[in-house]
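>>> Provided below for reference: sequence and predicted model.
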Amino acid sequence: MHDVLLAEGFAVRDGFLTPAEVQSLIECAQRRRERGEFMAARIGGAEARLLRREDVRGDSTCWLEEPLFDAERRLHDLIEALRRDLNREAFLGLLDLEWHYACYPPGSGYARHVDQLRGRDTRRVSLIVYLNPGWQPDHGGELRVFDETGYRDIEPVAGRLVCFLSQDLEHAVVPTAVERLSITGWLRCRAAATR
């Protein structure tokens, strides 16, 4: 996966999670939702004030920290193995993971953006794991990846992993017609020294 990621700026791996693993994570997300852990997502970062802007992004997020449910721990271990592989094969200097559930209700999306927060340089590789069994083309919610020739849409199929370089790839979430659930994360490096 690392060779495609570095050559094209993004990579897609179908079947990263089994249907049973996807279902277990959906159940974890539901438990967290029932406990009130999902919050309306905001934009901004570093020196910017965090704002709720539904015209920019309409999802709710639940940041993942210890203690994790068993299914979340298993996914964390899979991502940790990917992190080690990327470091070994691509020398990316990835140290840790920042991640959350993202739930988009019908009619919501996320406008074109890059994942590297203004004023920070620690996010190196963005990850999305989709949790949408039975996804159909008319459901929407695709990841739209932009390049110099236009764009490519990547369907949010259950069990699919998408990775891309955080600072380089402009992308968006196309408005969804049905609820869309994923786990989004960033493999991070140490902040560059400032002078």
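Now that the structure is in, tell me what you want to look at.
>>> Which neighbouring elements make contact with the top helix by length along the chain?
Taking DSSP state H as the criterion, the chain has its longest helix at helix 70-90. Applying 3 or more C-beta pairs under 8 Å, 6 or more residues apart in numbering; DSSP states H and E, one finds that helix 70-90 makes contact with helix 2-8, helix 19-34, strand 96-104, strand 123-130, strand 180-188. Every C-beta, even on glycine, is put in place using the N, C-alpha and C of the backbone.
>>> Show residues contacting it.
Here helix 70-90 makes contact (C-beta atoms under 8 Å, 6 or more residues apart in numbering) with 1-3, 5-6, 16-17, 21, 24-25, 27-28, 64, 68, 92-94, 97, 99, 125, 127, 129, 163, 183, 185, 187.
>>> about what we covered before: quick one: closest of the helices and strands packed on helix 70-90 to V157.
For V157, the closest of the helices and strands packed on helix 70-90 is strand 123-130, at 5.8 Å, according to C-beta to C-beta.
>>> Relative to the whole chain's centre, how far out is whichever helix or strand comes after that closest one?
Beyond strand 123-130 in the direction of the C-terminus, DSSP states H and E gives the next helix or strand as strand 143-147. The gap between where strand 143-147 is centred and where its chain is centred comes out at 14 Å by C-alpha atoms, centre = their mean, to the nearest Å.
>>> Strand 143-147 pairs with which strands, parallel or anti?
Sheet pairing of strand 143-147 (DSSP bridges) gives strand 150-154 (antiparallel), strand 171-173 (antiparallel).
>>> Out of those strands, flag the one nearest S108.
Closest to S108 of those is strand 171-173 (C-beta to C-beta; 8.1 Å).
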